[in-house]
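>>> Turn this into a model:
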Amino acid sequence: MDKMDEMFDPRMFEAFKKLDPEDGEQIADFFQTHALLTREKRLLQTSVRDQKKLLVENGKLKKDIEQLRVQLKDKQRRRIAKAMFSPAVSPASEQTTAVNQSPSDHSEPSASAVTQTHSHRDRQSRRRRGEHKARPLSAPLSLDINRRVDVSRLELRVGRIISVRRHPLVDGLTVQEVDLGESQPRSCVSKTEAITEPWELQGSLAVLLCNVKACRLKGVMSEARLLVCCSTNDVTELLTPPPSAEPGDWVTFLNFPGESDRELQAKQHVWELVEPDLSVDSRGVANYKGCGFEVKGKGLCRAPTLTNCSIK
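Here you go, the predicted model:
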C-alpha cells in the first residue's frame with residue numbers, strides 16, 4: 001500500500017469533518033478517489049511497458065528464426081552441390097591405390113594395375129576437358145533457376161499505412177510505416193511527389209510487394225514496395241484493395257496459382273520482367289495479363305479514378 005492510501009484511515013475522515021463539518025466528508029472522498037486513480041494509472045503504465053518489451057522480444061525472436069532457416073537452407077544447398085560435383089572414386093582407382101600403398105608388396109606393379117591406372121587417368125582427363133556426363137535437369141539446384149517467371153512469384157499483401165513522413169535527406173521521397181498484420185510494422189520508402197497530398201495516405205489501405213530484399217534508400221531502411229497506378233499525364237494514385245480487406249490479406253491471381261519466392265533475387269530480375277504486364281483496365285481493375293488482383297472472398301483491387309494505366 002502506498003503513502004497516499006495510508007493517509008485515509010478513519011481518523012483522517014474525522015479530522016476533515018472537524019475542520020469543515022459541512023464538506024469534510026466530500027473532501028476526504030475526493031482525496032481518496034484521487035489516490036486510487038493515481039495507483040491505477042501507475043499499474044496501467046507498467047502493463048503497457050511490459051507489453052511493448054514483449055513485442056520487441058517477439059520481433060527479435062522471429063528475425064533470429066528466419067536467419068537460422070536461411071542458414072540451414074544454404075548448408076543443405078552446399079551439401080547437395082558438394083555431393084554432385086565432387087569426383088567419385090572409382091573401384092579401379094581404389095584397387096590401384098591399394099596395390100601401390102601395400103607395405104608388404106615391394107615388387108613392380110603388374111600389367112593389369114598399370115592398365116587400370118591409365119584408364120583412371122583418361123577418365124580424369126576427359127572430365128577436365130568437359131566431356132563428363134551432363135547433370136540431369138531435375139537436380140535440386142536447378143529448381144529455383146528454371147522456375148517460370150510470372151506474377152505468382154511476387155508476394156503481394158494488403159497493408160494499412162500508419163504514418164507518413166518526409167525523407168530526412170531527399171526531397172520527393174516519403175517514408176511510410178505500414179501495418180501488414182505482423183508483430184511490427186514495416187517501413188517503406190516511396191516516391192510520392194506526384195500524389196497531390198501524400199499526407200492523406202495515412203490510414204489508407206494499400207497493396208505492397210513484400211518479398212523484396214530489405215535495403216537502405218538514402219540512409220532509411222525500406223522493407224517493402226508500395227504499388228501505385230501511373231497515367232501518361234504523370235497522375236499517380238494509390239492502388240487500393242477492396243474495402244473489406246484487412247492488413248496481411250494476400251493478393252492472388254486465379255490463372256497464376258504458383259507459390260511466391262521467399263525473397264526476390266536481383267540477378268533473376270523477376271520484378272523487372274513482371275512489371276510491364278501489370279496494368280489497370282478500362283473498368284479501373286488492376287490485372288496481370290488480364291487476370292485481376294483478387295483478395296480471396298473480398299473482391300478486386302482497383303485504381304480510385306484512373307483507367308487504362310500502368311502499375312509501378
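
>>> low-scoring stretches of the stretch 101-250 of the chain, by residue?
Applying pLDDT under 70 to the stretch 101-250 of the chain flags residues 101-146, 192-198.

>>> Surely Phe293 and Gly284 touch.
No - with contacts counted by C-beta atoms under 8 Å, Phe293 stays clear of Gly284, the gap being 11.5 Å. C-beta here means a position set from N, CA and C on the backbone, and glycine is covered the same way.

>>> what sits up against the strand or helix carrying Val189?
Assigned by DSSP states H and E, Val189 belongs to strand 186-191. Strand 186-191 has contacts (C-beta atoms under 8 Å, 6 or more residues apart in numbering) with 159, 167, 172-178, 180, 208, 210, 217-218, 220-226, 228.

>>> Likewise for stretch 253-262?
Applying C-beta under 8 Å, 6+ apart, the contact partners of stretch 253-262 are 144, 147-148, 150-155, 211, 270, 288-289, 291-294.

>>> And the helices in the stretch 101-250 of the chain, which stretches?
Applying DSSP state H, counting those that start in this stretch to the stretch 101-250 of the chain gives helices spanning 111-128.

>>> Okay, now the sheet partners of the strand holding Val189, with direction.
Note on strand 186-191: by DSSP bridges, its sheet partners are strand 173-179 (antiparallel).

>>> just to revisit the earlier point, so which of Phe293 and Gly284 has more stuff around it?
Neighbours per residue (other C-beta atoms under 10 Å) separate Phe293 from Gly284, with Phe293 holding more: 25 against 18.

>>> and the more buried one, what does it touch?
Listed by C-beta under 8 Å, 6+ apart, the contact partners of Phe293 are 156, 207, 239, 241, 251, 253, 285-287, 300-301.

>>> ok, of the residues you listed, which come out buried?
Among the contacts of Phe293, those classed as buried by 16 or more other C-beta atoms under 10 Å are 156, 207, 239, 241, 251, 253, 285-287, 300-301.

>>> still on that earlier bit, can you tell me which of the contacts of Phe293 end up in strands?
156, 207, 286-287, 300 (DSSP state E).

>>> Which one of those residues is nearest to Asp234?
Distance to Asp234, by C-beta to C-beta, is smallest for Ala286 among those, at 19.2 Å.

>>> Now do the closest residue in space to that closest one that isn't next to it in sequence against Glu155, distance only.
The spatial neighbour of Ala286 that comes closest, neighbours along the chain excluded (C-beta to C-beta, 6 or more residues apart in numbering), is Phe293 at 4.1 Å. Distance check for Phe293 against Glu155: by C-beta to C-beta, to the nearest Å, it reads 13 Å.

>>> And what about Leu55, helix, strand or coil?
Put simply, Leu55 is helix when judged by DSSP: H, G, I helix; E, B strand; the rest coil.

>>> Was I right to think it contacts Gln184?
Yes - between Leu55 and Gln184 a contact is recorded at 6.9 Å, counting by C-beta under 8 Å.

>>> Pick out whichever of those two has more residues nearby.
It is Gln184, of Leu55 and Gln184, that has more neighbours when counted by other C-beta under 10 Å, with 16 against 12.

>>> pretty sure Arg165 contacts Gln202?
No - the criterion here is C-beta under 8 Å, and Arg165 misses it with Gln202 at 9.7 Å.

>>> give me the number of residues near Asp277?
Asp277 sits with 15 neighbouring residues when counted by other C-beta under 10 Å.

>>> how about the residue lying closest to it once chain neighbours are set aside, what does it touch?
Excluding its sequence neighbours, the residue lying closest to Asp277 (C-beta to C-beta, 6+ apart) is Lys289, at 5.1 Å. The neighbours of Lys289, taking C-beta under 8 Å, 6+ apart as the test, are 151, 255, 277.

>>> Tell me which residues touch the first one, please.
So the one you mean is Val151. By C-beta under 8 Å, 6+ apart, the contact set of Val151 is 253, 256, 274, 277-278, 288-289, 291.

>>> I'd like to know which of those are part of strands.
Judged by DSSP E, the subset of the contacts of Val151 located in strands is 278, 288, 291.

>>> what sits opposite the first one in the beta ladder?
Each beta-bridge partner of Leu278 is listed here: Tyr288, as defined by DSSP bridges.

>>> gap between it and Lys82?
With distances taken as C-beta to C-beta, Leu278 is found 40 Å from Lys82.

>>> which of those two has more neighbours?
Neighbours were counted for Leu278 and for Lys82 using other C-beta under 10 Å; Leu278 has more, 20 against 9.

>>> The nearest residue to Gly299 once chain neighbours are set aside: neighbour count?
The spatial neighbour of Gly299 that comes closest, neighbours along the chain excluded (C-beta to C-beta, 6+ apart), is Pro242 at 3.1 Å. Counted with other C-beta under 10 Å, residues neighbouring Pro242 total 17.

>>> next one: Leu205
22.

>>> Going through the contacts of strand 186-191, which ones are buried?
Looking at the contacts of strand 186-191 with 16+ other C-beta under 10 Å, the buried ones turn out to be 159, 167, 173-178, 180, 208, 210, 217, 220, 222-226, 228.
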